[in-house]
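K.L.:
missing the sequence, but the structure's below:
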Ligand code: GLA
């Protein structure tokens, strides 16, 4: 049984394949954290709870609440801040009931005096160490509304240890997912997005270790939030060595009103512990996301061609036809038409919102291009940005009140755009209708859903609880995508937000892959992909090989290096194929071919980081191994052969390219090849298959 309840001690023991999670009720009915780490028996858990309770008795503020509230001598990070109709704040817990069903635990409390019901939810599974948690609030009375000033999905508590470190990613447009690892400061550290989308500046996950974890050893605690709007995670540490974090949707300063009978449900915040270092934590997340988050994990991620970097806004049907013909010759599976196919969108200042083919560019509609793409043996994909509008558009001229706005304030534009208020049911319904028609009336198998605008002047005139839009906008985006998927089962969806601005477990529950960054410079991409892969699996990471010199950085790279870097994700090609030499096109075709053979291993296998610039993938049956090695710069490097991991020392493995047969034991102890040549931008791709 994966969840045990001890009624006498009022203690719950949750078990995953390799970990345990324990909580109990204290004498005031508050839910207290006991343990998150290696497996414990019920007896061990009960004894630990006694010890913890004895220690807690000596503390004014024992901390460690499963959802920290205000009241009494609590001064830590509150996960829940409420104000009742009479201006009273805080929560006094009273346990009502609990329910265990199919790996799901629900513990329901109420405030002792006010009609606020708080349900804590936990979910464990037999094939994942991730524990998913969320909270549901309910106003159970008849009286005035309850104001919710903060509602996190969960608070997570770690055992007291010296030297806690925090790992997370920071970034900006073109430089997403830069991994940071450093001391977790005593006090509070907040990671957040106030942008209405997940954002480029950070990403809603963190890892905390006791300062001694390495790639393959040591305890690491981590969590990732399934939310694609504003979010906040506050990590804390004190002088007693206590640490933890609380996190959820929304940023500070937003309030939601809970009227009589209303329910507010948070997104899931999943936690994952491993005793085997950062590598095991990443593999745990990759597995969990593939098994339990992605909507269609086994669907083959097609090799796309996307002409955005080649054309930007400047193209017509003839040019797209030309590029499609070239793309088909290098083995592309899906041809994607990016921005600027609709309305008067010939630059970024007009037409967004007018979702019909631009009559100058596509005089007979999209049909001829789609037919030709399909005749060439490729599927057809198209770019949309459903949440934004150019003021210079028919849509905005007709419906100026459809955007987020506040009377008396300016409507700040960014990229000449405003944000449509998708929290409004009518706007959401209209959005679904045009997308449904676009996909249903054309043979479109791939949708790139972009979102290039952060929220501003985020008002909802006339609504009596306007901050709801921060939640409802995201929920309606989810609902539209879910409905499109349900009604068009073959549709493949790529998420995007000015590059990698909306990557999270909430998006990944409804899109197949995401565009990780507009920066396609292979050297920079190595660091971006390193940060991305800390949590998110390779099969979700859109990665194009593009032109040299690169359009963003002007850096030049060999075609081999550009492809090798992109082959670590869901490969695409994004260059101007008209300018590629015959040689490069032949190489491109060969790499695409090689990638297609390696794709099941890279996308479905276990990923081992052999270093920041070398990654190995091992198929589930252990029979296939792919190794990708990069050297953005050769300065100061000595060419050392790379030792592999996760192989059977007694087995032999054949190199698919050379036919050479290697012993597992030799690969494990001495490595493969002679190391990279002493040049900048060099790389190796090795695909091994077990022979016996
Ligand atoms: C964003 C995306 C790009 C491209 C452009 C189009 O920047 O990240 O890939 O689609 O929008 O305007």
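P.N.:
Nice, I can see it. All values reported here derive from a predicted model rather than from experimental measurement.
K.L.:
Does residue 303 touch residue 573 like I think?
P.N.:
Yes: contact criterion CB atoms under 8 Å: residue 303 and residue 573 qualify, at 7.3 Å. Yep, even glycine has a C-beta here, placed from its N, CA and C like the rest.
K.L.:
So between these two, which is more surrounded?
P.N.:
Shown here are residue 303 and residue 573; by other CB atoms under 10 Å, residue 573 has more neighbours (27 against 24).
K.L.:
who touches both of residue 303 and residue 573?
P.N.:
332, 592 (CB atoms under 8 Å, 6 or more residues apart in numbering).
K.L.:
so what's the residue lying closest to residue 623 once chain neighbours are set aside up against?
P.N.:
With sequence-adjacent residues excluded and distances taken as CB to CB, 6 or more residues apart in numbering, residue 623 is closest to residue 690, at 4.3 Å. Residue 690 makes contacts with 622, 623, 624, 625, 648, 651, 652, 653, 654, as judged by CB under 8 Å, 6+ apart.
K.L.:
could those go into JSON lines alongside secondary structure, distance to the ligand and pLDDT?
P.N.:
JSON lines is the format used below for the contacts of residue 690 (DSSP: H, G, I helix; E, B strand; the rest coil; distance: CB to the nearest ligand atom, whole Å; pLDDT from 0 to 100):
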{"residue": "622", "secondary structure": "coil", "distance to the ligand": "37", "pLDDT": "97"}
{"residue": "623", "secondary structure": "coil", "distance to the ligand": "36", "pLDDT": "98"}
{"residue": "624", "secondary structure": "strand", "distance to the ligand": "32", "pLDDT": "98"}
{"residue": "625", "secondary structure": "strand", "distance to the ligand": "32", "pLDDT": "98"}
{"residue": "648", "secondary structure": "coil", "distance to the ligand": "42", "pLDDT": "97"}
{"residue": "651", "secondary structure": "coil", "distance to the ligand": "42", "pLDDT": "97"}
{"residue": "652", "secondary structure": "strand", "distance to the ligand": "44", "pLDDT": "98"}
{"residue": "653", "secondary structure": "strand", "distance to the ligand": "38", "pLDDT": "98"}
{"residue": "654", "secondary structure": "strand", "distance to the ligand": "39", "pLDDT": "97"}
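K.L.:
how about the residues you listed in CSV, adding neighbour count?
P.N.:
Shown next, in CSV, are the contacts of residue 690 (neighbours: other CB atoms under 10 Å):
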residue, neighbour count
622, 15
623, 15
624, 22
625, 28
648, 14
651, 16
652, 17
653, 26
654, 16
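K.L.:
Would you map the helices across the stretch 1-150 of the chain?
P.N.:
42-57 (DSSP state H, counting those that start in this stretch).
K.L.:
can you list the weak-confidence ranges in it?
P.N.:
1 (pLDDT under 70).
K.L.:
for the residue nearest to residue 537 when sequence neighbours are not counted, helix, strand, or coil?
P.N.:
Sequence neighbours aside, residue 286 is the residue nearest to residue 537 in space, at 3.9 Å (criterion: CB to CB, 6+ apart). Of the three states, residue 286 takes helix under DSSP: H, G, I helix; E, B strand; the rest coil.
K.L.:
show me the contacts for residue 286.
P.N.:
533, 536, 537, 538, 606, 607.
K.L.:
Counting neighbours, what do you get for the fourth one?
P.N.:
Spelled out, it's residue 538. 26.
K.L.:
Could you report the separation of the residue nearest to residue 537 from the ligand?
P.N.:
Separation of residue 286 from the ligand (CB to the nearest ligand atom, to the nearest Å): 24 Å.
K.L.:
Could you do residue 94 as well?
P.N.:
From residue 94 to the ligand the distance is 49 Å (CB to the nearest ligand atom).
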